[in-house]
Each structure stands twice: as structure tokens, then as C-alpha cells.
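> could you look at this predicted model? Sequence included:
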Amino acid sequence: MSRRTSRGKAGKEQAAPRCTVTVCRGCCCGTAKVPGVDHAAQLATLRAELGPVAQVRAVDCLDACEQANVIVVQPSPAGRAAGGRPAWLGLVNDADATADITAWVRAGGPGIAEPPDVLDLYAFSPSRRVRRAVEE
């Protein structure tokens, strides 16, 4: 029998659990329905800036179209243990908002770091049905 170590496949070290940043790119978010936003650049920026510290994923419609563009920041396991909960951010349609989100996630995200006060302007609560579908 061989012993397993804490190393992942192909001898790579497993990374510490990270925040997950979910970017809506469905029927309204990420489309021309939200004019004046370079949606591809926003997603590319999030992936480039957060790749080492968070999982960034694009998903179909999060069913919060009135808040387009929607980004959900889910805490890492450590952040959740510290009381962090997913942060739903809507109307994220400018580079400054994306930069504020990036800085917060790089600092640890929900439960680990306090979000910049300006993110209060973007925070919203989706319906329980929508929230359950994304957070589980």
C-alpha cells in the first residue's frame, strides 16, 4: 500500500481553500443590455487579479436581472467559520467597483476582511430561491 500525502495530482501542492467569485453572464449581465461596460474586460480583470487568491467563475443567469451586472463573493471556509456570508453585489458596471471587489477579496473576503464602505452601495439581497441555488 502506498501512503497518500497532502499533495494533489501530479505532485502539485494543494492550495488553501479560497473565496469563490461568481460573475453572472446570463441574459442581462454581460450583454449589450447593460451598455457602456466592457464585460469581457471585467471578467478578464477579475480572473487576472484574483486567480492566485480566489476561484473566479462565470455562470449563466443568476435571476437578479434588475441588478445587472451581478457578482457574488462567497467566503472561504475560514471566512465562513468566522461568520462570513456570501455577498451579493449588483450594478457592478464600472472599473472602480470591480477594483474595490478585487481589493476586498485579495484581503480575504467575507468573514476575514471588512469590505470597503463603498461596496454597501452595491449590496443587495436576492430572493431566497435564487440565493439557495447559488450558495449551495
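Now that the structure is in, tell me what you want to look at. Numbering: from 1, shown residues only.
> all strands of the chain, in order?
19-24, 54-59, 71-74, 87-89 (DSSP state E).
> wait, what's in contact with residue 101?
For residue 101, the contact set (Cβ atoms under 8 Å, 6 or more residues apart in numbering) comprises 21, 46, 71, 73, 89, 92, 119. Every residue, glycine included, has its C-beta placed from N, CA and C.
> grab the nearest non-local neighbour of the residue nearest in space to the middle of the chain.
Nearest residue to the geometric centre of the chain (Cα atoms, centre = their mean): residue 21, 1.7 Å. Sequence neighbours aside, residue 56 is the residue nearest to residue 21 in space, at 4.7 Å (criterion: Cβ to Cβ, 6 or more residues apart in numbering).
> and for residue 85?
Distance criterion Cβ to Cβ, 6+ apart; nearest residue to residue 85, sequence neighbours excluded, is residue 110 at 6.1 Å.
> which ones are touching the one you found?
Residues in contact with residue 110 (Cβ under 8 Å, 6+ apart) are 19, 73, 74, 75, 79, 80, 84, 85, 86, 87.
> number of residues surrounding residue 24?
Counted with other Cβ atoms under 10 Å, residues neighbouring residue 24 total 25.
> I misspoke; the intended subject was residue 126.
A count of nearby residues for residue 126, using other Cβ under 10 Å, gives 20.
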